[in-house]
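# got a structure for you, letters missing:
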């Protein structure tokens, strides 16, 4: 098998996958004759089909997602130009998709089914399960094993996506969650800041509730400013509430669902109380038309969970105002079960039918490597790093690097199964039903446990 270096692209062989996903192994193409060397005799020259394979091996096709925002286009453009500069013999074809992840997923699945050559897919933790079910992606372990630049031990476990113990994704962009708030509104209300409360050992979810209550504003029956909000109905986000109450969606090795525990019920009740009892957060299922939409940027939401990724929005929608407000950045509150953050990952995937898998791996390494730190940081990433060898990057004065560092120590990877979307859909509807009083927490728990158990049995875990 040919060795691919940054100076010479000799082939696009597929690395054979093991376990869940299938992959084929191609043949390396012979190198061109050295300068001054006579060409091979006519009868030994490559046949037309072989010449076509050689030409194809010089190209890598990346199914990419773009928001079309200038910051996105410019920084990814720099990353792609960096690849082209390092591999001038190769062609990088970037097939950009817009309109949401659903569009990308549809194109990826259709291309794979139709044998349309794609070497690497833009990835996100929310749909790795769909790609895995279609056997569209291959493990990265063989690439890492033969690569002298990287080692498995370089990467934090929470920055990896694994199936049956093999690595399928390494995050080029990973984000935890922290507590962000409008510091001017807190000052105006005469409140102790979360940082001050943390220094006193008092920054808990009870304190966060009081913080939100004092920052919620109403005019008659209408709410004009919400005290706190995040996407409770999303499994990835609500995991933070679960962990704070000592609960989780799954047990440690993701061999069983744990959605029927008292701790799980307590976490759901605490979250629901923020919405239906204390009314510091808006409803998801049936919001009032007379209440303000909860927007941190528009100052109708005083505090929220967010991440470094949100700094792009903060810069565009807050800091460009004539009178921007001051932003506070603090650790997550501590709950009865402690606190941690669950890392949400963007990790690209190498196609199991990639014609130029080795070349795709070189692009993969550029995206996760230190040479892309500044570009990814401008997109909101690299506050948390996948590699132990890379240092976190911050760009704006309101970001607290110590908060990122401390939350990094409390990070863990998202626990998911191959059929995670089925669990996510059940939780989304369950949260809404509890809000509306259509079902009890116990009833939702019972259904969730059943859905999750069946889904795990049928599809297995991403672990």
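Thanks, I have it. Predicted model, so just to flag it, every value in this text is computed and none were measured.
# C-alpha from now on. contacts and neighbour counts both.
Noted.
# Tell me who's in contact with residue 90.
9, 58, 59, 60, 84 (C-alpha atoms under 8 Å, 6 or more residues apart in numbering).
# what's near enough to touch residue 309?
175, 379, 380, 381.
# one more time with 10 Å, if that's ok
173-177, 376-383 (C-alpha atoms under 10 Å, 6 or more residues apart in numbering).
# would it count as being in a helix?
Yes - membership of residue 309 in a helix is supported by DSSP: H, G, I helix; E, B strand; the rest coil.
# quick one: secondary structure of the closest residue to residue 279 other than its chain neighbours?
In this structure, residue 279 finds its nearest non-sequential neighbour in residue 273, 7.6 Å apart by C-alpha to C-alpha, 6 or more residues apart in numbering. Of the three states, residue 273 takes helix according to three-state DSSP.
# which regions of the protein lie under the pLDDT threshold?
Residue ranges of the chain with pLDDT under 70: 1-57.
# now the residue most central in space within it, what's its secondary structure?
The residue lying closest to the centre of the chain (C-alpha atoms, centre = their mean) is residue 345, at 2.5 Å. Following three-state DSSP, the label given to residue 345 is strand.
# hey, what's the nearest residue to it once chain neighbours are set aside bridged with?
Distances taken as C-alpha to C-alpha, 6+ apart place residue 174 nearest to residue 345, at 4.5 Å, with adjacent residues excluded. With DSSP bridges as the criterion, residue 174 is bridged to residue 345, residue 384.
# residues of the lengthiest helix in the chain that come out buried?
Under DSSP state H, the helix in the chain containing the largest number of residues is helix 441-459. Across helix 441-459, burial judged by 16 or more other C-alpha atoms under 10 Å covers 441-442, 444-445, 447-456.
# same check, this time on stretch 156-167
Those would be 156, 157, 158, 159, 160, 161, 162, 163, 166, 167, for stretch 156-167 by 16+ other C-alpha under 10 Å.
# Could you export those residues to JSON lines, including columns for secondary structure?
Listed next are those as JSON lines, based on three-state DSSP:
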{"residue": "156", "secondary structure": "coil"}
{"residue": "157", "secondary structure": "helix"}
{"residue": "158", "secondary structure": "helix"}
{"residue": "159", "secondary structure": "helix"}
{"residue": "160", "secondary structure": "strand"}
{"residue": "161", "secondary structure": "strand"}
{"residue": "162", "secondary structure": "strand"}
{"residue": "163", "secondary structure": "strand"}
{"residue": "166", "secondary structure": "strand"}
{"residue": "167", "secondary structure": "strand"}
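# ok, these vs residue 135, which is closest?
Nearest to residue 135 out of these is residue 163 (C-alpha to C-alpha; 11.5 Å).
# Was I right to think the closest one contacts residue 461?
Yes - if you go by C-alpha atoms under 10 Å, residue 163 and residue 461 touch, sitting 6.7 Å apart.
# who are the neighbours in contact with the residue nearest to residue 345?
Residue 174 touches 124-125, 158-160, 307-309, 342-347, 380-386, 413, counting by C-alpha under 10 Å, 6+ apart.
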